[in-house]
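**Q** give me a model of this one.
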Amino acid sequence: MSVEIWTILIVGLSFVAYIYIGWQSRVKSSKDFYVAGQGIPSIANGAATAADWMSAASFISMAGLISFLGYDGSIYLMGWTGGYVLLALLLAPYLRKFGKYTVPDFVGDRYYSNIARLVAVVAAIFVSLTYVAGQMRGVGIVFSRFLQVDINTGVIIGMVIVGFFAVLGGMKGITWTQVAQYGVLILAYLIPAIAIAWKLTGNPIPQLAFTFSDVATKLNQIQVDLGFQEYTKPFVNKSMLDVLFTTIALMVGTAGLPHIIVRFYTVKSVRAARFSAGWALLFIAILYTTAPALSMFARYNLITTLNDRTVTEVQQLDWAQKWEKTGLLTFEDKNKDGRYQLTPSIDTNEIKIDRDIIVLSTPEIANLAPWVIALVAAGGLAAALSTASGLLLVISSSIAHDIYYRIIDSSASEQKRVFVGRIMVGLSLVLAGYFGVNPPGFVSEVVAFAFGLAAASFFPVIVLGIFDKRTNSEGAIAGMLTGLIFTIVYIIGVKFAGMQPWFFGVSPEGIGTLGMLINFAVTLVVSRVTPPPPAEIQAMVEDLRSPSLEEESQPIGIGE
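**A** Coordinates of the predicted model:
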């Protein structure tokens, strides 16, 4: 069977499974809708967290960025995995003990202020919308290639599917769907990686093939021959300072991502939160230790397959012609010599490759079986859809729970609160679809902006909210606003307004680190020159860090 038929078959079967799970997990109560009734087993929550975490950026785009950036692309591996360790050890158990539905809920109660809650809601919406735009872009890319539709149509199809999961099942339906999606995406990532490692090196274990084979040496020589820097040479595409700042921004941004933090509210206890964090780290590590190998193998195959081929030879490559139709792979014989050359110069380069197609096209380039190619498409969709649904629920809960219920109508019934949440999912989906059609960059770039915004807004107030009882509402509000506004202005200025990166050349992806430092400084200074928090808030913070027998079942936050 052709790749397209296999794709329709495998993607169709996986979607039937997702829809069945979503229908079986449909909810009526707000507790089920927002935190899955706090009854998800640790290992299942670990798999769901891994799927929520490994978005289209991880599955589709990260390997592509590493392929293009070489050594400097390791910032994504170090930042995202290190950030998850930071979240699991430093924040997750305390937030679970606090026992609230959302990050703005924590901020509002810990800082005893609806203004602080509102600022946190705005930050959560900014972060989540930026992040979900990358997922919609990823969905559009997969559909555009494998269903032979344009990217915009692919985004719309993805919107409908994500909307079904999020509106019907809430967090409960999303969680069990994400468990299934993790199984699909990890198989889709590992099978081609193992096959390509075996074909190139004779070693089926990608991590060992990457470390002990001579592919890196060969690729370095090919790069030099074509005029590029060596693939493994550090600080070619980014300065040392930018690598440091971007890594830190991704790391602390991870620890402030609201759609990941809320996953630790869905388990039964603080102990279960710790165990689910461990399971999630294991599940995440399987993909993240494979990514460097796949990235290098993909670049090696891509260059040796396309560079210096005649126009006729390229036209005979079925996969190249199909990707060319999407506009994400283009060929132009600029020197009219009948061949296509890959060069580092924009003026002479004749092969333009979108970074987001590297993983999706690699099985085709390596001549793997059609069912493997189709499985990769299903994996890309699983990665994008699982994260998008979690992000949409964060946006929904931020508005429906943290604004509507906690500020506007505290007497709203369960049915009304769930209804408002579902309406907010629909509105958020439309906005996310718009940004998916009009993305501000590559998938991983867009997602990196979200991490920077999370680093600059949430991380300081969460850390200080747990570990510094002197931090007050005035400090938290001033810090969040200052960090968020500074980071947004820098990103927009450099990325869209033509401004040069004025802070020592630090890129928009890394500026969240400076925004975080500004947030910390402003929060601490303002908190020290204004009155301390009430005694009951300080006592609550003390209790939050103290283990107790009651913590297994009793939240300690203020209010319902």
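
**Q** for the residue nearest to residue 388 when sequence neighbours are not counted, give me its contacts.
**A** Nearest non-adjacent residue to residue 388, counting by CB to CB, 6 or more residues apart in numbering: residue 135, 3.9 Å away. Using the backbone N, CA and C atoms, a C-beta is placed for each residue, glycine as well. Contact analysis of residue 135 by CB atoms under 8 Å, 6 or more residues apart in numbering lists 55, 56, 384, 385, 387, 388, 391, 432, 436, 443.

**Q** and for residue 237, the neighbour number?
**A** Residue 237 has 17 neighbours, counted by other CB atoms under 10 Å.

**Q** quick check on it: phi, psi?
**A** Dihedral pair for residue 237: phi -100, psi -20, per degrees, to the nearest 10.

**Q** could you do residue 339 as well?
**A** Residue torsions, per degrees, to the nearest 10, at residue 339 are phi -130, psi 160.

**Q** my guess is it contacts residue 314. True?
**A** No. The pair residue 339 / residue 314 is not scored as a contact, 9.0 Å apart, by CB atoms under 8 Å.

**Q** returning to what we had before: helices - which of the contacts of residue 135 land there?
**A** 56, 384, 385, 387, 388, 391, 432, 436, 443 (DSSP state H).

**Q** where is pLDDT lowest across those?
**A** When the ones in helices among the contacts of residue 135 are sorted by pLDDT, the bottom entry is residue 443 at 56.

**Q** what about residue 105, neighbour count?
**A** There are 27 residues near residue 105, going by other CB under 10 Å.

**Q** helix, strand or coil for it?
**A** helix (DSSP: H, G, I helix; E, B strand; the rest coil).

**Q** right, and it touches residue 117 too?
**A** Yes. Taking contacts as CB under 8 Å, residue 105 lies within contact range of residue 117: 7.5 Å.

**Q** between the two, which contacts overlap?
**A** Joint contacts of residue 105 and residue 117 (CB under 8 Å, 6+ apart) are 402, 406.

**Q** any stretches of the chain with poor pLDDT?
**A** 25-39, 100-101, 165-173, 439-446, 547-560 (pLDDT under 70).

**Q** where along it do the strands fall?
**A** 309-310, 329-331, 339-340, 351-353 (DSSP state E).

**Q** among these, which is nearest residue 367?
**A** strand 309-310 (15.2 Å; CB to CB).

**Q** and that closest one, what does it pack against?
**A** If contacts are counted by 3 or more CB pairs under 8 Å, 6 or more residues apart in numbering; DSSP states H and E, strand 309-310 sits against strand 339-340.

**Q** neighbouring strands for the strand it packs on, and are they parallel or not?
**A** strand 309-310 (antiparallel) (DSSP bridges).

**Q** distance check, residue 323 against residue 193.
**A** 20 Å (CB to CB, to the nearest Å).

**Q** who has more neighbours, these two?
**A** residue 193 (27 against 22).

**Q** give me every residue that touches the residue nearest to residue 222 when sequence neighbours are not counted.
**A** Leaving aside its chain neighbours, residue 222 sits nearest to residue 303 (5.8 Å; criterion: CB to CB, 6+ apart). Contacts for residue 303 were tallied using CB under 8 Å, 6+ apart; they are 219, 222, 226, 342.

**Q** now with 10 Å, please.
**A** 67, 219, 222, 223, 225, 226, 228, 342, 351 (CB atoms under 10 Å, 6 or more residues apart in numbering).

**Q** one more: residue 263?
**A** Applying CB under 10 Å, 6+ apart, the residues contacting residue 263 are 35-36, 40, 45-46, 48-50, 52-53, 87, 92, 96, 171, 174-175, 178, 257, 273, 276-277, 280, 390.

**Q** out of those, which are inside helices?
**A** 35, 45-46, 48-50, 52-53, 92, 96, 171, 174-175, 178, 273, 276-277, 280, 390.
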